[in-house]
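Colleague: sharing a sequence plus its predicted fold:
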Amino acid sequence: LLILIAGLGQHQAHATSLAIVIFAAASAAAQYVLRDQVDWGLTVGLAVGGVIGAQIGARTMKNLPERRLRTVFAVFLIFVGARLVIWG
């Protein structure tokens with residue numbers, strides 16, 4: 001939608017989408033923290049991996065031409081959709 005409606009390029013749409021996720025995730029996380037439903041040990045481990053993976057992904061995305069990035073993203077969405085259909 002960011003590409004079709006807002007007219008953003010593929011790279012800018014990815015970056016904008018990720019920035020939006022920060023606020024949604026922080027809001028949801030706050031509710032879980034208030035209900036004491038967070039496994040902090042697991043959270044720290046996943047956060048370290050997530051930060052490292054995000055840096056690698058952002059650098060990789062920056063170096064991909066827009067057409068290739070769009071293709072990779074489309075294939076990824078097809079894979080995720082198929083996985084949801086097959087394994088629920």
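Modeller: Cool, got the structure. Numbering: from 1, shown residues only.

Colleague: check Gln10 and give its pLDDT.
Modeller: Looking at Gln10, its pLDDT stands at 89.

Colleague: so what's the residue count around the closest residue to it other than its chain neighbours?
Modeller: Nearest residue to Gln10, sequence neighbours excluded (C-beta to C-beta, 6 or more residues apart in numbering): Glu66, at 4.5 Å. Every C-beta, even on glycine, is put in place using the N, C-alpha and C of the backbone. Glu66 has 12 neighbouring residues, counting by other C-beta atoms under 10 Å.

Colleague: most centrally placed residue in the chain?
Modeller: Central residue of the chain (C-alpha atoms, centre = their mean): Leu18, 5.9 Å from the mean position.

Colleague: so how far is Arg68 from that one?
Modeller: 19 Å (C-beta to C-beta, to the nearest Å).

Colleague: residues making contact with the helix or strand that contains Val75?
Modeller: Using DSSP states H and E, the element containing Val75 is helix 66-87. Helix 66-87 is contacted from outside by 9-11, 14, 61, 64, using C-beta atoms under 8 Å, 6 or more residues apart in numbering.
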